[in-house]
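In: fold the stuff below for me.
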Amino acid sequence: MKPIDIPPELLAVADAISLAGGRSLLVGGTVRDHLLGGLPRAGTEAPGEVDDYDVEVYGLELARLEEVLAVFGEVISVGRSFGVFMVKGLFPGPVPACSFSLPRRDNKVGQGHRGFQVELDPELDFKEAARRRDLTMNSMALEIPGGHLEDPHGGQADIEAGVMRATDAGHFSEDPLRGLRVAQFAARFPGLRPDDELVRLCAALDLAELPGERLLEEFRKLLLKGEKPSVGLEVLRTTGLLRFFPELESMVGVPQDAQWHPEGTVWEHTLMVVDEAAAARLGAGSEEEDLIVMFSALCHDLGKPATTVEVDGRIRSPNHEREGMEPTREFLGRLMASSALVAAVEVLVQDHLAPANFTSQNASARAYRRLARRLDAGGMNARVLFRLAQADHFGRGTADALAREFPAGTEFLRQVELLELEDAGEPDVVLGRHLIDRGLAPGPGFGEVLDRCREIQDETGWKSPEEILERYFSENPG
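Out: Residues are numbered from 1 along each chain as shown. Model (predicted):
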């Protein structure tokens, strides 16, 4: 195995721990990813770059570890009851981060995922300490310094075999979130599949007791880091965990018209769309927008289960884009998503057909301006809408999709650029103060006048309040 590069600052700390009689083991995802080949994979760092080191320290009591770390900077306790420290300023920049912890046992003392008592034990054997971890591929360690691999549960062999396996079947179900973790790992590492036992263990989990914030974080990783999000979503289906997200489960088996969707059901189409959206992620610096697009890709056809009918032998889903807004709110609400994220995804779901429809219907400039204004109200713009529409178009089995052609979308973008609406809707030109200057007093009819002025603005593209008001008063001379 190729040696892993350890920053000199971390090596210095490990040397000090060794001199004090301790032993440092690098654990967690860094070891796993190194054995998987150094990456990169979609949504992750470049090869060789690590932004997070987790070090387990054996042989030192908690107070002694804190003393050793204090030589290198201010020690911050990020979970003293869990025996976790960080050293402020250990590295010259904000990345990488590094945590130091003691091995522990999680003793069951009650019901649910919170019913545990942590017992720190610096003399614990690594094999026993690693037993509480979810998967064998996450239960390995590299000794610092030296790089000796500790792999008591066969994680390396499982990676080489392309298998995800529970480290300890008895401990796996202690945290139901692990079912979602298996799904997001499957999305991130599509060459790995859960073995039969892991599928059974996941199927027995109850996600209902988990806080929405924890669910959201795993979906975030699945959608932003997943090389193939579809693989992770399929794990949720095959394990039965999709039942905890009924809005998503409702898409399974819903038919579509073969002319427009030869790929199959709404669920199958959605899996293709999320993979297309993942392939077009912008990456670092644009995670917020990427997450919005990914959730929109996942939710864009949530209205189809309720609207799909067969008419004269053809399958139709009339008005499914608007009908998809409510299940989108319900799904994201279950995840305790922010109001901004919900508003953005909701407006994209509502208008995901606009790029194709506007081109085919030769929409007016007014229609484009009203669309841009509606998107703007949800914190979105036509450029982001195009990203969703393109993923929706390519995520199907039609000839133009297979040829990677989306002429309607290209024309939509051209019109948007001509109208200068790529990034935002046009602000209202006529404001209340302009009406007051014209002698109108604020009152019940004030809003109606502003609404009509907005319509005139959208129809004409005028940017002068005087010009718009002249038109309004010429229409309403009284």
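In: from D195, how far off is L35?
Out: L35 is 18 Å from D195, where distance means C-beta to C-beta, to the nearest Å. To be clear about C-beta, it is placed using only N, CA and C from the backbone, and glycine gets the same treatment.
In: have a look at the two and say which one is more surrounded.
Out: Set side by side, L35 and D195 show unequal neighbour counts under other C-beta atoms under 10 Å, the larger going to L35 at 20 against 15.
In: which stretches of the stretch 101-250 of the chain have low pLDDT?
Out: By pLDDT under 70, the weakly predicted segments of the stretch 101-250 of the chain are 107-117.
In: what are the boundaries of the helices in it?
Out: Shown for the stretch 101-250 of the chain, the helices assigned by DSSP state H, counting those that start in this stretch span residues 126-130, 155-161, 169-172, 178-188, 196-203, 212-225, 229-238, 246-249.
In: same list (those) but as TSV, adding distance to E310 and mean neighbour count.
Out: TSV is the format used below for the helices of the stretch 101-250 of the chain (distance: least, C-beta to C-beta, whole Å; neighbours: other C-beta atoms under 10 Å):
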stretch	distance to E310	mean neighbour count
helix 126-130	55	18
helix 155-161	46	17
helix 169-172	44	15
helix 178-188	33	26
helix 196-203	33	17
helix 212-225	33	19
helix 229-238	25	23
helix 246-249	22	18
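In: residues making contact with stretch 203-220?
Out: For stretch 203-220, the external contacting residues (C-beta atoms under 8 Å, 6 or more residues apart in numbering) are 112-113, 173, 176-181, 183-184, 239-241, 244, 291, 295, 333-337.
In: quick one: distance of that stretch to the chain centre.
Out: 14 Å (C-alpha atoms, centre = their mean, to the nearest Å).
In: any idea how far apart the tips of that stretch sit?
Out: From the first residue to the last, stretch 203-220 extends over 21 Å; the measure is C-alpha to C-alpha, to the nearest Å.
In: residues contacting K463?
Out: By C-beta under 8 Å, 6+ apart, K463 lies in contact with V429, Q457.
In: that one and L102, how far apart?
Out: Spatial separation of K463 from L102 under the definition C-beta to C-beta is 65 Å.
In: got JSON lines for the helices of the stretch 101-250 of the chain, with distance to V68 too?
Out: Converted to JSON lines, the helices of the stretch 101-250 of the chain look like this (distance: least, C-beta to C-beta, whole Å):
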{"stretch": "helix 126-130", "distance to V68": "20"}
{"stretch": "helix 155-161", "distance to V68": "29"}
{"stretch": "helix 169-172", "distance to V68": "30"}
{"stretch": "helix 178-188", "distance to V68": "32"}
{"stretch": "helix 196-203", "distance to V68": "38"}
{"stretch": "helix 212-225", "distance to V68": "32"}
{"stretch": "helix 229-238", "distance to V68": "40"}
{"stretch": "helix 246-249", "distance to V68": "48"}
